[in-house]
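J.: For reference, the sequence and a predicted model appear below.
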Amino acid sequence: MKGIVKTNALTKKYHGFAAVSEVNMSIEKGDIYALIGENGAGKSTLMKMLSGLATPTSGEVILFENQHPEVARFRMGCLIDSPALDTRLSVRDNLEMFARAFGCHKAGEVDRILELVGMTKHAGKAIRKTSLGMKQRLAIGIALLGSPDFLILDEPMNGLDPMGIQEIRQLLKKLNEENQTTILISSHLLDEVSKVATRYGFMKGGHLIQELSEEELEEKSKTCLRLKVSDTAKAAMVCEKELGTENYEVIDAETIRLFDYVDESSKVVTAMVRGGVEVGEIVHVGESLEEFFNNLMTAEARQ
Amino acid sequence: MLNVMRASFYKMFRDKAFVLCLVGTACWSMIVIMAQVLTSNARGIVDVSELANRWYGFIGLHAIEVPLIISAVLLFSGEFRDKSWKLLIAKGISKASYFFSKLISMLCLTVILCFVSILTLAIGNVVLLHATVDAAYVGNVLLFFLGQTIAHCSIAIITIMVICIVKRGEIASILCLMMMVLGYVILHGLESALSLGELITDYWAFSQTAFVDFGGVTNWGRISIAFLGYLVVCSVITITFLKQKDIE
């Protein structure tokens, strides 16, 4: 896999306060990396350092396997914080202006972008007269000018209506699948992010506390029945012989997780009792990304 | 850098403010001539055509400086207000390249505004003050245009520096206008206190227009040195400032 971004102990301090602290992350080509964290976790600061808007206090950012930053950033597209548009120009003029500034001389590039972000109908509209959702679409369009290899999108779904969110999600998926565009995305809409992301980075207090792949997160947030039993060896035997499944996991001396029969807990209890296993507790366990995130944040706060 | 300049010119010619600036500059120049005519009696000038060769009076009323400062703020401070300049930096354009592209655009704007202003003054001079149009008059107007452009470039450099550092259009315009009105007085006070003669004010950006004479002797050396001096000093200050700060 080709490395797109690698950070080594990346730190940013503002007046002694570490907004980002010792972050080591890596993003490979083709990843859709979701950066997840509460407000003030350091997501935007990290994105600003990656895009060259903020200078790291210490540590380093390696882009496109050590390409010169100015060359590497030419291959990137960014949407950081609120949409940065020229309010005195129209939608089309903004795209035309940035296309010139970015050196995109390809004929029809502006029309292609207008089409991609669904703004063709509003091309002549003055920015002042557009809604936040339209501004957001245009800002995403500007980030897409010149077909960048790596996109940094900070809260791209902000201000979009449900239809808009769906369209942008599909657009990101399409870019990733067809052009192998690598995407770093942050969002508060965790369930939306989970529909596109292939890797996750969880941030708290400026630290990157956990990195997970899509599969790892799926595994962690898998729906199952968690049983507290008198004898896990006997319980495992019941699972195999009585219930006919090997899809279980012994956690400790008295806990076992069963990934089948999730909606048939009474059947499981009956089988256990029949097999001579005492069931002290049976809990339906299953976490959405939101629940996983909340539990992770709570656990981190306790530490 | 060339791409950013192309974008700046695209924006400039698409922005209604630019047309407004050109029209405003022409109107302001016309008002300056009218003011000269209307106040001629009070100054004991019997024949108004006597004013035809008093170009220092036109320029002395800030015929180009005021429109230049207002136009620069209108056209260049928006990128900082809207934070659209961060997209250019994020695309790998260095802060130094960004500044120089804006500086060159600003110098081009100065040439355009000087051209509009002096052309209006020259036409107004003929129409209102009955100046004789001959080869000598045209030659003097062209030399005056060249001299005033160089002199106003020093002002343009200071203005773009203030815009890049202050980043807020309204504050930048107030600061530049204050420098225009009060700068000379303050600096003259300073050089008097330090017994420096006129060493500082002779090179003060807003004083340079006084060294360009219509049909007379223009101090080309002084206005060129001032221009180059401001170019180097203001560039170093602005780039150092921009490099030190993160973009919010």
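T.: Okay, I see it.

J.: Do a quick rundown of the helices in chain B.
T.: B:2-14, B:16-38, B:55-60, B:65-76, B:78-81, B:85-90, B:95-129, B:135-166, B:169-193, B:220-244 (DSSP state H).

J.: To A:G276, which of those lies closest?
T.: helix B:85-90 (65.9 Å; CB to CB). Every C-beta, even on glycine, is put in place using the N, C-alpha and C of the backbone.

J.: ok, and what's touching the closest one?
T.: Identification of contacts with helix B:85-90 by CB atoms under 8 Å, 6 or more residues apart in numbering or on different chains yields A:51-53, A:73, A:76, A:78, A:80, A:84, A:98, A:101, A:142, A:152, B:4, B:79, B:95, B:98, B:247.

J.: what's the neighbour count on residue 190?
T.: With no chain named, the answer covers chain A. 18 (other CB atoms under 10 Å in any protein chain shown).

J.: that answer is for a different chain, and I need it for chain B
T.: 12.

J.: check contacts around it.
T.: B:L196, B:I200.

J.: Separate out the buried members of the contacts of helix B:85-90.
T.: Among those, those classed as buried by 16 or more other CB atoms under 10 Å in any protein chain shown are A:51-53, A:73, A:76, A:78, A:80, A:84, A:98, A:101, A:142, A:152, B:4, B:79, B:95, B:98, B:247.

J.: Dump the C-alpha coordinates for the worst-scoring helix or strand of chain B on mean pLDDT into PDB.
T.: Lowest mean confidence among the helices and strands of chain B (mean pLDDT, DSSP states H and E): helix B:55-60, at a mean of 74. Taking C-alpha atoms only, helix B:55-60 is exported to PDB below (Å, rounded to 0.1, in the frame of the first residue of the first chain):
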ATOM      1  CA  TRP B  55      -0.900  70.100 -11.600                       C
ATOM      2  CA  TYR B  56       0.600  70.000  -8.100                       C
ATOM      3  CA  GLY B  57      -2.800  71.400  -6.900                       C
ATOM      4  CA  PHE B  58      -4.700  68.500  -8.500                       C
ATOM      5  CA  ILE B  59      -2.400  65.800  -7.100                       C
ATOM      6  CA  GLY B  60      -2.100  67.700  -3.800                       C
END
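
J.: Run through the neighbouring helices and strands of that helix.
T.: helix B:16-38 (3 or more CB pairs under 8 Å, 6 or more residues apart in numbering or on different chains; DSSP states H and E).

J.: near chain A at all, the helix it packs on?
T.: Yes - Helix B:16-38 lies within reach of chain A by CB under 8 Å from any CB of the partner chain, at B:K16, B:A17.

J.: ok and that helix relative to helix B:65-76, angle-wise?
T.: 170 degrees (axes from the mean of the first three to the mean of the last three CA atoms, to 10 degrees).

J.: quick one: the residue of chain B positioned farthest from its centre and B:H152, what's the gap?
T.: Among the C-alpha atoms of chain B, the one most distant from their mean position (CA atoms, centre = their mean) is that of B:V46, at 32.6 Å. Going from B:V46 to B:H152 by CB to CB, to the nearest Å gives 33 Å.

J.: same question, B:I33
T.: B:I33 is 18 Å from B:H152, by CB to CB.

J.: Kindly report the same for A:E70.
T.: Taking CB to CB, one finds A:E70 at 33 Å from B:H152.

J.: Would you mind telling me which of these two has more residues around it?
T.: Between A:E70 and B:H152, B:H152 has the larger neighbour count (other CB under 10 Å), namely 28 against 13.

J.: At the contact with chain B, which residues of chain A appear?
T.: Contacts of chain A with chain B, taken as CB under 8 Å from any CB, map to A:48, A:51-55, A:69-74, A:76, A:78, A:80-82, A:84-89, A:93, A:96-98, A:100-103, A:142, A:152.

J.: Pairing partners for the longest strand along chain A, with directions?
T.: The longest strand of chain A (DSSP state E) is strand A:3-14. If you go by DSSP bridges, strand A:3-14 pairs up with strand A:17-23 (antiparallel), strand A:26-28 (antiparallel), strand A:58-63 (antiparallel).

J.: Return the set of buried residues in that strand.
T.: Under 16+ other CB under 10 Å, the buried positions of strand A:3-14 are A:I4, A:V5, A:K6, A:T7, A:L10, A:T11, A:K12.

J.: With stretch B:87-106 instead?
T.: Result for stretch B:87-106 [16+ other CB under 10 Å]: buried residues B:87-95, B:97-106.

J.: can you give me the offset of that stretch from its chain's centre?
T.: Centroid separation for stretch B:87-106 versus its chain: 21 Å, with CA atoms, centre = their mean, to the nearest Å.

J.: Rounded mean pLDDT for it, please.
T.: What stretch B:87-106 shows for mean pLDDT is 90.

J.: Pull the contacting residues for the residue sitting nearest the centre point of chain B.
T.: Centroid-nearest residue in chain B, with CA atoms, centre = their mean: B:H152, separated by 3.9 Å. Counting by CB under 8 Å, 6+ apart, B:H152 touches B:I64, B:E65, B:L68, B:T110, B:L113, B:C114, B:Q208, B:T209.

J.: For chain A, tell me which of those show up nearby.
T.: Checking the contacts of B:H152 against chain A (CB under 8 Å from any CB), there are no matches.

J.: Farthest pair within the residues you listed?
T.: B:L113 and B:Q208 (15.5 Å).

J.: Up against chain A, what does chain B have?
T.: B:3-4, B:6-7, B:10-11, B:14-17, B:78-79, B:82-94, B:246-247.

J.: dump the residue contacts of residue 142.
T.: Using chain A. A:G77, A:L79, A:L85, A:N94, A:L95, A:F98, A:I113, B:L87.

J.: try 7 Å this time
T.: A:L95, A:F98, B:L87 (CB atoms under 7 Å, 6 or more residues apart in numbering or on different chains).

J.: you'd agree A:M203 is in a strand?
T.: Yes - according to DSSP: H, G, I helix; E, B strand; the rest coil, A:M203 belongs to a strand.

J.: How about it: what's its closest non-neighbour residue?
T.: Nearest residue to A:M203 in three dimensions, chain neighbours excluded: A:G37, at 3.4 Å (CB to CB, 6 or more residues apart in numbering or on different chains).

J.: I'd guessed the one you found sits against A:G201; true?
T.: No - counting by CB atoms under 7 Å, A:G37 does not reach A:G201; the two are 8.4 Å apart.

J.: tally of neighbours for A:A299?
T.: Neighbour count for A:A299, taken as other CB under 10 Å: 10.

J.: what's the helix or strand for it?
T.: Taking DSSP states H and E as the definition, A:A299 sits inside helix A:289-302.

J.: Give me the distance from that helix to the chain's centre.
T.: 16 Å.

J.: for it, which positions count as buried?
T.: For helix A:289-302, by 16+ other CB under 10 Å, it's A:L289, A:F292, A:F293, A:L296, A:M297.

J.: Neighbours of the nearest residue to B:I225 once chain neighbours are set aside, how many?
T.: Closest residue in space to B:I225, ignoring its immediate chain neighbours: B:Y203 at 7.4 Å, by CB to CB, 6+ apart. Residues lying near B:Y203 (other CB under 10 Å) number 17.

J.: doesn't B:L228 make contact with B:Y203?
T.: No - between B:Y203 and B:L228 there is no contact under CB under 7 Å: 11.0 Å.

J.: that older thread, so which of the buried ones among the contacts of helix B:85-90 sit within helices?
T.: A:R73, A:F98, A:A101, A:I142, B:V4, B:E79, B:K95, B:Y98.

J.: where does the stretch 201-303 of chain A have low pLDDT?
T.: A:287-288, A:301-303 (pLDDT under 70).

J.: Can you show me the strands along it?
T.: Ranges of strands within the stretch 201-303 of chain A are A:207-213, A:224-229, A:248-252, A:255-258, A:279-285, based on DSSP state E, counting those that start in this stretch.
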